[in-house]
Each structure stands twice: as structure tokens, then as C-alpha cells.
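Asks: This is a predicted model, with the sequence first.
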Amino acid sequence: MKTQPDRSIAAPPGEPMADGLWDRWLRFWFTPIDPTGLHVVRILAGLLFLAWLLPLAGHIDSLFGLNGWFDTAAYVDAERLQAQVRRNEGGDLFRPMSWSLLYLAAGNPQVLKGLYWGAVAILVLFTLGFWTRITSILTWIIVVSFTVSPVLEYDADAYLLFFAFYLMLGYAFFGQRSREMSLVGRLLGTRSSWWLGRRNSDDQHPSLAANVALRLLQVHFALVIVTTGLHKLQTGEWWSGVAFWFPNYPPFKASLEAARSHVGDRELYLCVLSIGAYAVLAWEIGFPLFAWKRGWRLLLIGGGAAALIGTSSIFGLPLIGPAMFIGCLSYLTADEWERIFGLATRLPGLNRFASEPPASPEAETLLAGEKEKDSSLVPAGERA
Amino acid sequence: MAPITASKTFEVPRWLLVTASGLIAFHLLALTVRVLAADSGPWPTMEGRNMAGAPRFAFDLYQSMPGDYLKLLQMTHNYHFSSDRLGRFGIFLEARLKDADGNEIARLKYPEDGAGFWLKHRQELIVEKLGTDEPVQVPMSERVPAPNRPVEMVTIWNEYENRKMRLKTVELNSLIGSTRPYVRPSELAMLYARAYARYLCRSHGAASVEIIRHHQDPIPPDVLFDDNIPSGAFDEAISNFGEFPR
């Protein structure tokens, strides 16, 4: 007699795991997971949001105000031009402008300053994990509001927007399956999301919302990386492998003599540059092939680290490198994070941050038994 | 990790899984269609370098997406990043502020030399917007205006000295037959120039401001193979947007 496939998300131990397309889809998206990965991404993304906003503190009115670089008349002109381009060519000239909290300031510098510092405060609370149900939603609103101005449009904004959106989704629903949560917890969030959550605690439950949020972030990030890799192929400098030549000899800073300094070893020099350029293309275009594979973590994190260092130091582009690095880290599973924390706490001075062992020997036995039962669950980061 | 006990959490009903799956699939489809519905290029053509339109199926699908879905989520980017193009010219802005009598009261430079890394980068983003020039499409034959309508005019960059240009408004018909290509600032660049001029006048109490763009072409790697590079080949060029009143 043919055994019917088990349609539950997590098959009971001893039962064969169902392997149809629908079952794999369910396992990929809807397996509750240890939310450590979500908390780490929240902290790192929160620090990124603060790094994006804080350095501009002394220039709030000029950069974000309606009497600044891009004033009300400019917004009106921009909308008119955008409509004309849409009518004639069908596309968009820049990111469609829409709502923003900053419009509430209506050109008043004091109100704008209040909104700005309020935004910073909320980002700090969100980073630390306080009241994440609310602060995650406000964080998304803040990121959208402060990226609306066309004059400040920057590539990194695209990463900030979808990081904030998926973190909002994750924390809006985080822990809502719990039967024991109070009304306040359901509306504001609980202590289970403070900092890195309650690892090794009886209060920590696997989270479905964490998996959905991380998976959405992972898939979206992979789409972005592949797209930017393919887009690079629309330019001659990447095809010919000389893309890295230009940041080495930027206009106004490099002289012709400096640019000709490698005449003697030009073949070798250009060869090295082209290997670097093609390595970037291969990493980006092939990204989905290795991003979800545990055995390829060195390539994933190494590439992310190279982006972190390279885009900032070589290309002078802040935020993009850190955003790419955080995106790469989102693929790490909870047990990989535990291993990293374990290694980190061995460093001198950091051993006081080591996570506490389980509360009692009975809890240890129970945990060991449940870990065996849990082996049918597929952690986020594993290909389903 | 705490043991999983079914009594502590709600079971997710099947209808919710199906609904959530549908939403996720729709969301990912919307993102994919947005990426596909992007123009590509610029590619070399008979008329010079031009952008190519998106595949028709992707464009139609994107236009038919319900209720500006991605606009609501602020995820309308097509991930064709401008930073993917590395061989771009360098640019900085010079603003000459004048009082009501036309006397120069200040001369400013953006990005500011003394600005910190983060602020300088934001100022670079602001200044870059003035760098978008586009070719002028010169008609093949003379265009006769409709009765009681003016002759079609166009504002172009006119080189008055070596590597120095200023804006000049001419009749479009006067460009016919010329072999040299004509370039003009894009509508967007003019919009930003007017916006910057208003801001600088407001913030410095000036009656008008003259906006001047300084730009320099990137040095290509071909210089490693060419020993006969003419002097001044990569010198700075100056493009004067003109004077803007407050």
C-alpha cells in the first residue's frame, strides 16, 4: 500500500517528509525557526539606518526641508516633468514621489528638527529591540519619509527600504502565535525581542514570522544582486574588465602622469583588474546558486565582506557595502549564529557575554529530547 | 531552545498558509516584473548612444499591476544602480551669489572641500544631478510652425572658448545641416539648477546666483597604450547654466 505523504509542515519523527513542490514551498517559507537570525539582522540594519541618518544632523533643513535644496516649487516641477515623461515615454524619471512624514513639517525648521530627532530615537529603540511591534512599523515609515526627496536619491536607499519593510513584517507578526501573550505584548511587542532575544530560555519559541521575514529578505536580496550583476554587463567597462580602473584614477584627483604609471607593466595590471571585475560579475550573477548552501558560506560572507570594504574604501560609496554585507548575513542559520557567538565570546573581555546554559538539568534533558524531535524542521538558510 | 509544545502556540490553519503563499508569490512576481520592465543601455545606434525600451510583455504586465502596489510599498526601484557605471565624469558646482545690483557677494563650491565624508557624499549626490546632458535631435528638414505659433527654439550648450560652454537659445532650424553634434542639459538638470539657485539665494540672502558646472572626463585605460595623447585632453571643462533670480 502506498504511503500517503505527510502534509504537515514538520513531519513527526519517523515519518517520511513529504517532498512535492507544495511541501517544499511550505517548508521553505513556513517552518518556524529560532529568531536569532532575525534579531541579528534587526540590530545590524538598525545600526545601518542610524549610520545613514545621524551624520546629517547639522543639515536637516537644507537636506530634508521644503525650503532646502529641493523646495516645494521643485517638487511641483518634478511631478509635472514626471507626468510628461510618463505620457511621452511611459517610464519614470526618478523614484515616484509619494507620502512622507516630513511633509508634516510644512517648511517649519523646528518641527522638522523634532521629527528628525524623534526618528533617531525610534531607530535606537528598534535597534535595541524595544516595543518592536510598533518601532518596526515606525522605522519603515521613517526610512520611506527620509528617502523621498529626489535630490538625495541614492542607490543604497533601495536596500534600506526593503530591509525596513521585511523587518517590519517580521516584527509585526513576531510571537503572535503564542497563546500566552498579553494584549500589550500583541500591540507593542514583548521582551522576547530585546537585543538578541531570549536565547536558551524557556520563553523562546520558534517563530514563523521570523522565517517568512528572513526568506523574503533573502529572495529579494538575491534578486537585487543578480539584477545589478546583469546590469553591469550593459556597460563596456565591465565587459572589457577595466571597471576597477576608474575608481583608481578619479577625475579631479588623478593626473595623466599617475594614470600612465603602469605603462611598464600594463598587461599584468589590466589582467589583475579584469580578474577582479569578472570575479565580481561571477559572484553577483551566480549569487542564488550558492547563497542558500551551507557549504558555500565562505564565498557568501567573503563576497559580502569584500563589498563592505571595497565599496567604501575604493569606490567611496557609503552604506552600499554594509547593506550588502547585512544581506549576506541574513542567510546564516540560528545554529551558525550560535557558533559565531560562541567563537566571539572566547575573545578576551567578551566572555561575560556568553549565553547562559539552560536553567536546570531537567530542562537540559527535555531540550535534548526536543532537539531530536526538531530534526525534521528545516532551518532558514537551508535549501528546502 | 525551548521545547516546542503545541499547546503554547496557535496552529496555522491551511487557508492562512494558502493565502500567505498567494501573497508572497504575487509580491515576488511584482518585484520580478519591475526588474524586467526596465529600460536598458545606452547602446550604440545610428543616432548615437540610446536607451532601449523594456520587453513589451514585461512593460504591459508592470502597467497592469493593481493599485500601484509597489509604489505603496516604496519598492519601485529596478535595481539598475547608477553606481554600476564607473566611467563617469567628475563634477563640482560653483555658485556665484550676487546682490540686487549684480555685485558678487560670495562664491561657493559644492561639494565643500572641508565637508565630512558623509555630508560630502550627500553633496556629491546633489551636484551629480546637474551632469545629465542629452543630445539634441536635429530634424532632417526645416520645420514650419503652425500659423500664429512661434518658431521652435532649443537651448543648447554653446562652446565660446576652448572647453568653456554656456547655454544659448537658438532656432531649432538653424542647426539643420550642421555636422557637429549638439548637446543640451536635460529637463531634470535644469529643474535641479533652478531649485539649487532658489535655495542658495534664500540661505545666503542673495538676489541672484550664477550656477557653473565644472566637469572632467575620466581618464580611460587606453592612455597606457597611447604615447601621443594631446595636451589638455583631460582638462577640466566649464559649463555655465547662467544666472537665476531668487
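Replies: Nice, thanks for sending it over.

Asks: Need the three-state assignment for B:Asn157.
Replies: Quick fix: residue B:157 is Trp, not Asn. Under DSSP: H, G, I helix; E, B strand; the rest coil, B:Trp157 falls in the strand class.

Asks: wouldn't it be in contact with B:Lys164 here?
Replies: No - using Cβ atoms under 8 Å, B:Trp157 makes no contact with B:Lys164, being 10.2 Å away. All C-beta atoms are positioned from the backbone trio N, CA, C, and that covers glycine.

Asks: Okay, now the unreliable bits of the chain?
Replies: As the question left the chain open, I've gone with chain A. A:1-18, A:88-97, A:198-204, A:349-384 (pLDDT under 70).

Asks: other chain: chain B
Replies: B:1-9, B:47-48, B:66-67.

Asks: Which parts of chain B are strands?
Replies: B:40-45, B:48-52, B:90-98, B:104-110, B:133-135, B:153-161, B:164-171, B:183-185, B:208-216, B:237-245 (DSSP state E).

Asks: Redo the ones you listed as TSV? Include mean neighbour count and distance to A:Asn108.
Replies: As requested, the strands of chain B are exported to TSV (neighbours: other Cβ atoms under 10 Å in any protein chain shown; distance: least, Cβ to Cβ, whole Å):
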stretch	mean neighbour count	distance to A:Asn108
strand B:40-45	12	43
strand B:48-52	12	41
strand B:90-98	20	25
strand B:104-110	14	25
strand B:133-135	14	37
strand B:153-161	14	36
strand B:164-171	14	36
strand B:183-185	18	33
strand B:208-216	20	25
strand B:237-245	18	26
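
Asks: Surely A:His220 is in contact with A:Phe162?
Replies: Yes - judged on Cβ under 8 Å, A:His220 makes contact with A:Phe162 at a distance of 5.3 Å.

Asks: Quick check: the residue of chain A nearest chain B.
Replies: Proximity of chain A to chain B (Cβ to the nearest Cβ) peaks at A:Pro251, 2.8 Å away.

Asks: How is that residue assigned, secondary-structure-wise?
Replies: A:Pro251 ends up coil, using three-state DSSP.

Asks: if I pick the closest residue to it other than its chain neighbours, what's in contact with it?
Replies: Distance criterion Cβ to Cβ, 6 or more residues apart in numbering or on different chains; nearest residue to A:Pro251, sequence neighbours excluded, is B:Gly90 at 2.8 Å. The contact partners of B:Gly90, by Cβ atoms under 8 Å, 6 or more residues apart in numbering or on different chains, come to A:Pro250, A:Pro251, A:Phe252, A:Lys253, B:His215, B:Gln216, B:Pro218.

Asks: Return the members of the residues you listed classed as buried.
Replies: A:Pro250, A:Pro251, B:His215, B:Gln216, B:Pro218 (16 or more other Cβ atoms under 10 Å in any protein chain shown).

Asks: what's the farthest-apart pair in those?
Replies: A:Pro250 and B:His215 (12.6 Å; Cβ to Cβ).

Asks: how much space between the residue nearest to A:Gly46 when sequence neighbours are not counted and B:Trp157?
Replies: Spatially, and ignoring its direct neighbours in sequence, A:Gly46 is nearest to A:Thr127 (2.8 Å; Cβ to Cβ, 6+ apart). Applying Cβ to Cβ, to the nearest Å, the value for A:Thr127 to B:Trp157 is 48 Å.

Asks: now B:Ala106
Replies: Taking Cβ to Cβ, one finds B:Ala106 at 26 Å from B:Trp157.

Asks: Also A:Phe162?
Replies: 39 Å.

Asks: cool, A:Ser98 as well?
Replies: Distance of A:Ser98 to B:Trp157, computed by Cβ to Cβ: 34 Å.

Asks: Now do the helix or strand containing A:Ile60: everything it contacts.
Replies: A:Ile60 is part of helix A:60-64 when elements are defined by DSSP states H and E. Helix A:60-64 is contacted from outside by A:56, A:67-69, A:102, A:109, A:112-113, A:116, A:146, A:149, A:152, B:122, B:199, B:203, using Cβ under 8 Å, 6+ apart.

Asks: at 10 Å what do you get?
Replies: Outside helix A:60-64, the residues within contact range by Cβ atoms under 10 Å, 6 or more residues apart in numbering or on different chains are A:53, A:56, A:67-70, A:100, A:102, A:105, A:107-110, A:112-113, A:115-117, A:145-146, A:148-149, A:151-152, B:119, B:122-123, B:125-126, B:199, B:202-203.

Asks: Quick check: which element contains A:Leu160?
Replies: According to DSSP H and E, A:Leu160 maps onto helix A:156-173.

Asks: and residue 179, how many neighbours does it have?
Replies: Going with chain A. For A:Arg179, the count of nearby residues is 9 (other Cβ atoms under 10 Å in any protein chain shown).

Asks: nope, chain B please
Replies: For B:Thr179, the neighbour count with other Cβ under 10 Å is 4.

Asks: Please apply the same query to B:Gly116.
Replies: By other Cβ under 10 Å, neighbour count at B:Gly116 equals 12.

Asks: That one and chain A: what is the separation?
Replies: As judged by Cβ to the nearest Cβ, to the nearest Å, B:Gly116 and chain A stand 7 Å apart.

Asks: Next up, the contacts around that residue.
Replies: With the criterion set at Cβ under 10 Å, 6+ apart, B:Gly116 makes contact with A:Pro55, A:Leu56, A:Gly58, B:Arg122.

Asks: repeat for A:Met324
Replies: A:156, A:159, A:221, A:224-225, A:228, A:284, A:303-308, A:310-311.

Asks: swap the cut-off to 7 Å and go again
Replies: A:Gly304, A:Ala307, A:Leu308 (Cβ atoms under 7 Å, 6 or more residues apart in numbering or on different chains).

Asks: So which of these belong to helices?
Replies: Within the contacts of A:Met324, residues falling in helices by DSSP state H are A:Gly304, A:Ala307, A:Leu308.

Asks: Separate out the buried members of those.
Replies: Buried among the ones in helices among the contacts of A:Met324 by 16+ other Cβ under 10 Å: A:Gly304, A:Ala307, A:Leu308.

Asks: In contact with the last one: list those residues for me.
Replies: Applying Cβ under 7 Å, 6+ apart to A:Leu308 gives the contacts A:Gly321, A:Pro322, A:Met324, A:Phe325.

Asks: Sitting in helices, which of those do you find?
Replies: Per DSSP H, the subset of those in helices is A:Gly321, A:Pro322, A:Met324, A:Phe325.

Asks: By neighbours, which of those wins?
Replies: Going by other Cβ under 10 Å, A:Met324 tops the ones in helices among the contacts of A:Leu308 with 25 neighbours.

Asks: Pull the most distant pair out of the contacts of B:Gly116.
Replies: A:Gly58 and B:Arg122 (11.6 Å).

Asks: The two - which one has more neighbours?
Replies: Shown here are A:Gly58 and B:Arg122; by other Cβ under 10 Å, B:Arg122 has more neighbours (22 against 10).
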